[in-house]
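A.B. asks: sharing a model that was predicted from the sequence below.
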Amino acid sequence: VRRKNPIIICDENGNIKDDLTSANVVNNHLAKISTALSNTSSLLNEYNKYKTVKVNSKSIFINPVEESQVATKISEINVSKATGHDGISGKVIKILGPHLIEPLTALINKMISHGKFPSELKKANVTLIPKHGFNGDVNDLRPISVLPDIKKKKKKILIEPIESFLNESGYSDDRQFGFR
């Protein structure tokens, strides 16, 4: 789906750039943000000043997933959400759900036993949404990732036991608000 009003990127002098140059400017900008975020040593040092370590003899173990859990997650798929890069809509997943439960359960359990998340499921469609008052500055674009429905449900199944462990063992931080 193409936007009626395309996003126009301007350089530091306010000059409008062509589509290819605009795409490169945005890509370079997002790559710089990613590089800056990966260099978090100063942030970690700051956090470590306030962090309290709680000793816990428990260890985390993620139990194999049962087909009933996968069936529940498939039933929770919102069919009105955007389709990810795989092109498989939530409606299709719900219709095929009974046939997907067994192979998805096997795949998730293989991911748990091997401790790896398939590369294909790490991909996302990124759409740039202009912030209020957008004036062509690349810093005023907000990237929104659209993930495949299958990935979202696998991730939820994998994250729930980890979050539960962190909360029950006291490892989660009360100051953590987003992505909780």
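C.D. replies: Arrived safely. Numbering: from 1, shown residues only.
A.B. asks: alpha carbons only for contacts and neighbour counts from here, please
C.D. replies: Will do.
A.B. asks: strands of this structure, residue ranges please.
C.D. replies: Assigned by DSSP state E, the chain shows strands spanning 125-130, 141-146.
A.B. asks: which other helices and strands contact the last one?
C.D. replies: It stands for strand 141-146. Judged by 3 or more Cα pairs under 8 Å, 6 or more residues apart in numbering; DSSP states H and E, strand 141-146 is in contact with strand 125-130.
A.B. asks: relative to strand 141-146, how tilted is the strand it packs on?
C.D. replies: Here strand 125-130 points in a direction 150 degrees away from that of strand 141-146 (axes from the mean of the first three to the mean of the last three Cα atoms, to 10 degrees).
A.B. asks: got the buried residues for strand 125-130?
C.D. replies: For strand 125-130, burial by neighbour count (16 or more other Cα atoms under 10 Å) applies to P130.
A.B. asks: also stretch 78-98?
C.D. replies: Applying 16+ other Cα under 10 Å to stretch 78-98 flags T83, G84, H85, S89, G90, K91, I93, K94, G97 as buried.
A.B. asks: for the third one, which non-adjacent residue is spatially closest?
C.D. replies: Setting aside the residues directly before and after it, H85 is nearest to N125 in space (Cα to Cα, 6 or more residues apart in numbering), at 5.7 Å.
A.B. asks: among the buried residues of stretch 78-98, which pair sits farthest apart?
C.D. replies: Largest separation among the buried residues of stretch 78-98 by Cα to Cα: H85 and G97, giving 19.3 Å.
A.B. asks: elements contacting the top helix by length along the chain?
C.D. replies: In the chain, assigned by DSSP state H, the helix with the most residues is helix 90-114. Helix 90-114 sits against helix 67-75, helix 149-169, with contacts defined as 3+ Cα pairs under 8 Å, 6+ apart.
A.B. asks: what's in contact with the last one?
C.D. replies: For helix 149-169, contacts defined as Cα atoms under 8 Å, 6 or more residues apart in numbering pick out 56, 58, 60, 62, 65, 69-70, 73-74, 77, 83-84, 88-90, 93, 108, 112, 121, 172.
A.B. asks: those residues, buried ones only, as a ChimeraX selection?
C.D. replies: Command for ChimeraX that selects the buried part of the contacts of helix 149-169, burial taken from 16+ other Cα under 10 Å:
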select :65,70,73,74,77,83,84,89,90,93,108,112,121
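A.B. asks: include mean pLDDT and distance to I101 when you put the strands of the chain into TSV, please.
C.D. replies: Formatted as TSV, these follow (pLDDT from 0 to 100; distance: least, Cα to Cα, whole Å):
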stretch	mean pLDDT	distance to I101
strand 125-130	82	25
strand 141-146	83	23
